[in-house]
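[1] what's the 3D shape of this:
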Amino acid sequence: MGLARRLSSRRLYTGRVFAVDLDEVEEPGGVHAQRDVVRHSGSVAILAITGDDRIVLVRQYRYPVDAQVWELPAGRVDPGEQPLDAARRELEEETGLSPAQVAPLVTYFSSPGFCDEVMHLFRATALRPVPTRPDPDERIEVAFVSRDEARAMIARGELRDAKTLLALLLESERGRSAQ
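    Model prediction:
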């Protein structure tokens, strides 16, 4: 399993998006503990850049924070699906854009203190329009913003989603290193 030894595990909940386990573990250094762990199949997010250098954002209602949230197109990796395929699918479903070029940016843990979700962040370019295919429960607004507009949204507190902030930071660093 890794550095810790799982002594027991009990499934507390299984839902459509994730499951929750209660694990009794022995961690490095002999620490015995009970850990609540959210089990998740993994996610993707896509920093899509248009031909005129605009960033594609989506806004949708997010019940856990009870707010309309601006963020990158994103979604779950389905069982048996490769992250790159999930990224292409999510971008098309949510925005009606299909990328000719997709490159990985970073893979990271979204909330490693309680969740095993791995987020795969991609950069997509050479976009062409295709029909959108949102999930039945999704009401998505698509926006194309300049880098300056994205920075202003952050400054105003309108853009607060972690994966989106990380992608914009990485894109900003990418631009600096290209100069």
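
[2] residue 89: what secondary structure?
    Assigned by DSSP: H, G, I helix; E, B strand; the rest coil, the conformation of residue 89 is helix.

[3] that one - how many residues pack around it?
    17 (other CB atoms under 10 Å). Where C-beta positions appear, they are placed from N, C-alpha and C, glycine not excepted.

[4] check residue 52 too.
    Using other CB under 10 Å, residue 52 has 7 other residues around it.

[5] cool, residue 74 as well?
    Count around residue 74 with other CB under 10 Å applied: 22.

[6] contact partners for it?
    43-46, 90, 163 (CB atoms under 8 Å, 6 or more residues apart in numbering).

[7] can you do 6 Å?
    residue 45 (CB atoms under 6 Å, 6 or more residues apart in numbering).

[8] now it: how far from residue 9?
    29 Å (CB to CB, to the nearest Å).

[9] residue 113 now?
    Distance from residue 113 to residue 9, by CB to CB: 18 Å.

[10] neighbour count: these two, which is higher?
    Each of residue 113 and residue 9 had its neighbours counted (other CB under 10 Å), and the higher figure belongs to residue 9 (12 against 7).

[11] quick one: low-confidence ranges for this structure?
    Scanning the chain for pLDDT under 70 picks out 1, 176-179.

[12] tell me the centre residue of it?
    Centroid-nearest residue in the chain, with CA atoms, centre = their mean: residue 45, separated by 4.0 Å.

[13] put the alpha carbons of the helix or strand hosting it into CSV.
    According to DSSP states H and E, residue 45 maps onto strand 43-48. Extracted in CSV, the C-alpha atoms of strand 43-48 (Å, rounded to 0.1, in the frame of the first residue of the first chain):
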residue,chain,number,x,y,z
SER,A,43,-10.6,14.3,-12.2
VAL,A,44,-9.5,16.4,-15.1
ALA,A,45,-9.4,20.1,-15.8
ILE,A,46,-8.6,21.8,-19.1
LEU,A,47,-7.0,25.2,-19.6
ALA,A,48,-8.3,25.9,-23.1
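
[14] direction included, what does that strand pair up with?
    Taking DSSP bridges as the criterion, strand 43-48 forms sheet pairs with strand 74-76 (antiparallel), strand 118-129 (parallel).

[15] need the next SSE after it, C-terminal direction.
    Next along from strand 43-48, by DSSP H and E: strand 55-62.
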